Each structure stands twice: as C-alpha cells, then as structure tokens.
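Participant: coords please:
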Amino acid sequence: MNTPRGVWLDDLTRQEATSRFDGNAAVVVPVASGSAPWPHLPLRTAPLIARALGQRLLERLSVVVTPVVDADFFARHETLGQVLVERLDELRSLGVRRIAILEVALSPAAPLDVSGDVLMLRVRDAVDADEYATSCLMALDPRSVRMPLLPAGSRAQAFAGERAMAAQVDAFGEALLSKWPDLI
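Facilitator: Numbering: from 1, shown residues only. Next up, the predicted model:
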C-alpha cells in the first residue's frame, strides 16, 4: 500500500496544521446531504460516501481533508450556509488560502452557495441517485444495505460503486490539479 500524500485535518496537531497551511496546503471540506431517502440504506449513506471520496483524494494528492459536514443535521439550508461560512472563516484564520468543498448531495437540493474563491467539487444529479448510492454503499459497507428492502429490478453492484467513486475522484483530482498544479 502506498503512503497517502494528504492527511485528515483531525489527525494533525494545531502546530502541524498551521505548518501545512503556512506551506500553502489545499483543504477539502466534504459536505454530505440527502442521507438515504430510500428504505434500504442507512441515514449515514451520504456522509459515508463523502468520507470515502475524501480518503481517496488524500491518498492521491497532497491535500488536507476536514471532517465531513453532515448537512442533514441542519434544519434549513441557510443554517448550513452559515455553518460553512464559519468553518471557512476559521480555516482562513489558520492561514488556509486554498479551499475546495466536496459536496455529496443524494437528493435534490439547491447547490451550496459559497464565495468565489472556493473550488466546488460536486456529486449531484446522478442519473439514478438510488442506484449510485446503493452501489457505493455495497462497495463501502455491504452489510449496511438492507437487501430484503432493495427495490425489485435494482442493478446496484459493488463494482459499479467502486467505478463511480473512482471516476469521481479522477474528475475531482483533475479539477484540483487544474487549479493548484503543485498538489502532486
């Protein structure tokens, strides 16, 4: 197994984080919403997918990934926006100058609206969000999928989930490298 290039923010000490931020590190903030509106998937589906995508990104690129923000804990979209603004302000106060938000939205919702200097990476509007979420969860934690409740005719497969997440990480990696080429 290769050594990850990036790191989870909560694995760093304050001094280590400040040192990385002084070194112009890019920070990825995963935001998950629309957790499992389907009866066969647990409520933690969107956060689990967001964390998995964050993990795959930090294995490839020299990024710092924050803990997942679970938008479903906020009653109104405006409140989530306020929380995100506060989180981004806090990161900036620590010296972060390069921020990307990785948004995993499994159900229809207004896209997050943040300042122009933040790179947005979105998992949205999948052709079939149920198949996507189910396939990803089959790949990440198959025991959590309630198979007896799976809709008849479902084509969800763990391999499809792995492929979908790999394709997203490829696209996100390209977007990050396009904006900040030194992340390799």
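
Participant: Low-confidence bits of the chain, can you list those?
Facilitator: Along the chain, segments meeting pLDDT under 70 span 1-2, 35-36, 75-78, 108-111, 124-127.

Participant: need the helices for it, in chain order.
Facilitator: Here the chain has its helices, by DSSP state H, at 14-22, 45-60, 77-93, 129-140, 158-179.

Participant: export these to a markdown table and tack on distance to V123 and mean neighbour count?
Facilitator: In this view, the C-beta of every residue, glycine as well, is placed from N, C-alpha and C. Converted to a markdown table, the helices of the chain look like this (distance: least, Cβ to Cβ, whole Å; neighbours: other Cβ atoms under 10 Å):
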| stretch | distance to V123 | mean neighbour count |
| --- | --- | --- |
| helix 14-22 | 26 | 15 |
| helix 45-60 | 7 | 22 |
| helix 77-93 | 16 | 14 |
| helix 129-140 | 8 | 22 |
| helix 158-179 | 6 | 16 |
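
Participant: okay, the ones you listed in a markdown table with distance to L112 next?
Facilitator: Below are the helices of the chain laid out as a markdown table (distance: least, Cβ to Cβ, whole Å):
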| stretch | distance to L112 |
| --- | --- |
| helix 14-22 | 22 |
| helix 45-60 | 13 |
| helix 77-93 | 7 |
| helix 129-140 | 17 |
| helix 158-179 | 15 |
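
Participant: out of the ones you listed, nearest to V28?
Facilitator: helix 45-60 (6.0 Å; Cβ to Cβ).

Participant: Give me the contacts around that closest one.
Facilitator: Under the criterion Cβ atoms under 8 Å, 6 or more residues apart in numbering, residues 2, 4-8, 28, 30-36, 63-65, 68, 70, 72, 102, 104-106, 123, 133, 136-137, 140-141, 165-166, 168-169, 172-173, 176 lie in contact with helix 45-60.

Participant: Need phi/psi at the residue with the largest distance to the centre of the chain.
Facilitator: Largest separation from the mean C-alpha position in the chain: A152, at 29.1 Å (Cα atoms, centre = their mean). A152 adopts backbone torsions of phi -60, psi 140, taken as degrees, to the nearest 10.

Participant: and the gap between it and H40?
Facilitator: 11 Å (Cβ to Cβ, to the nearest Å).

Participant: what's the answer for L58, then?
Facilitator: 30 Å.

Participant: Count the neighbours of the closest residue in space to L106 that isn't next to it in sequence for me.
Facilitator: Leaving out its chain neighbours, the residue that sits closest to L106 by Cβ to Cβ, 6 or more residues apart in numbering is G34, at 3.6 Å. Using other Cβ atoms under 10 Å, G34 is surrounded by 18 other residues.
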